[in-house]
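Peer 1: Pasting the sequence and the predicted model now:
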Amino acid sequence: MRIGKFQLKNRVLLAPMAGITDQPFRRLCARYNAGMSYSEMMSANRDVWHTEKSRLRVAHHAEIGINAVQIAGSDPQEMAQAAALNVEFGAQLIDINMGCPAKKVNRKMAGSALLQYPDLVEKILQAVVSAVNVPVTLKIRTGWDKTNRNCVEIAKIAEQSGISALTVHGRTRHCLYEGEAEYDHIRAVKRQVSIPVIANGDVTSPQKAKYVLDYTGADAVMIGRGSLGQPWLFRQVDAFLQSGELVAEPDLAEKCQVAFEHIQGLHDFYGEQKGYRVARKHVSWYLDNIKPDSAFKCAFNTITDPKQQLVVLKEFLDSVR
């Protein structure tokens, strides 16, 4: 699969997720063969461009591969300026977020709220595409709500505006993450445009990934929540799509090692005082795939000393290997 000038190494992508797809997690997923990943969403509001939080959100590493940065906002010129700034700082691909369902994002008329205003969507896409000399992609939902599914209309606008690839999450904004993904609408989009289409939503296994690709005709799949606590899923899905081979999950020792290295990496990346807080949710997800233990989770989440957090986690993982 190609996006603009880039040939991706496979058809299995990591979805951008706020608070999750930071540099340590993207490096880990790339190690397990994610074909491409995006930074966390960066606001087009120039007041936050030079904050520590924004710097960390778009931090890149050569091991990740293509430096793809996602931006969000509602003003065409602000979005164009944000895209140009990120390219100046090294972004090789810009993704536009029109899929986030979060209230705090939608209240600013960004994310999936924009799907209600196709004319504004067109202005934003044209402004960003014109502002940069790198591929620009777009992520959307099927519509604002179940009575206003306009993903095909938005897809056509995207293609006409010069968007290089389109990701469709198979839910409306009002669906949030509930119910089942609507693959019929992704298939409808794929039939109406010639640009690459990436299917997103409920891809949690190699078999499900193949089903989604076969049913929708999409060019690639994007995995989000399915990768939490199991970054090795990308390797499994890629192998199954390429050869039909069902690759086994890592053994318990490898899972424990990956979990500890990831948490240690979060401490290094964020610094001890923030790293230990970010680590809590990831430890919870890893335990779901290693050894569910609600008592340990509760005790772990009360630890406020970063060094103690690593010691306690290592002792627990060593005990279950």
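Peer 2: Sure thing, it's come through. As the structure is a prediction and not an experimental result, all values here were calculated from the model.

Peer 1: The closest residue to residue 73 other than its chain neighbours and residue 22, how far apart?
Peer 2: Computed as C-beta to C-beta, 6 or more residues apart in numbering, the closest residue to residue 73 that is not its neighbour in sequence is residue 44, at 2.8 Å. C-beta here means a position set from N, CA and C on the backbone, and glycine is covered the same way. When distance is defined by C-beta to C-beta, to the nearest Å, residue 44 is 20 Å away from residue 22.

Peer 1: Counting neighbours, go ahead and name the busier of these two.
Peer 2: residue 44 (26 against 21; other C-beta atoms under 10 Å).

Peer 1: Go ahead and confirm residue 23 touches residue 57.
Peer 2: No. Between residue 23 and residue 57 there is no contact under C-beta atoms under 8 Å: 9.1 Å.

Peer 1: Contacts only, for the residue nearest to residue 73.
Peer 2: Taking C-beta atoms under 8 Å, 6 or more residues apart in numbering, we find residue 44 in contact with 71, 72, 73, 74, 75, 78, 79, 81, 82, 110.

Peer 1: Give me the neighbour count for the closest residue to the second one other than its chain neighbours.
Peer 2: Here the nearest residue to residue 72 in space, its sequence neighbours aside, is residue 97; by C-beta to C-beta, 6+ apart that works out to 4.0 Å. Around residue 97 sit 24 other residues, with neighbours defined as other C-beta under 10 Å.

Peer 1: in a strand, that's where residue 97 is, yeah?
Peer 2: Yes. Applying DSSP: H, G, I helix; E, B strand; the rest coil, one finds residue 97 inside a strand.

Peer 1: Tell me who's in contact with it.
Peer 2: 16, 41, 70, 71, 72, 105, 110, 111, 139.

Peer 1: domains of this protein?
Peer 2: 2-243, 252-320 (the TED database).

Peer 1: mind checking how far the last one is from the chain centre?
Peer 2: Right, domain 252-320. 22 Å (C-alpha atoms, centre = their mean, to the nearest Å).

Peer 1: Helices along the stretch 151-300 of the chain, start to end?
Peer 2: 151-160, 183-192, 206-216, 233-243, 252-270, 272-290, 294-301 (DSSP state H, counting those that start in this stretch).

Peer 1: Dump the ones you listed to a markdown table, plus distance to residue 145 and mean pLDDT.
Peer 2: Output for those, formatted as a markdown table (distance: least, C-beta to C-beta, whole Å; pLDDT from 0 to 100):
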| stretch | distance to residue 145 | mean pLDDT |
| --- | --- | --- |
| helix 151-160 | 12 | 98 |
| helix 183-192 | 13 | 98 |
| helix 206-216 | 21 | 98 |
| helix 233-243 | 30 | 98 |
| helix 252-270 | 36 | 97 |
| helix 272-290 | 29 | 94 |
| helix 294-301 | 35 | 93 |
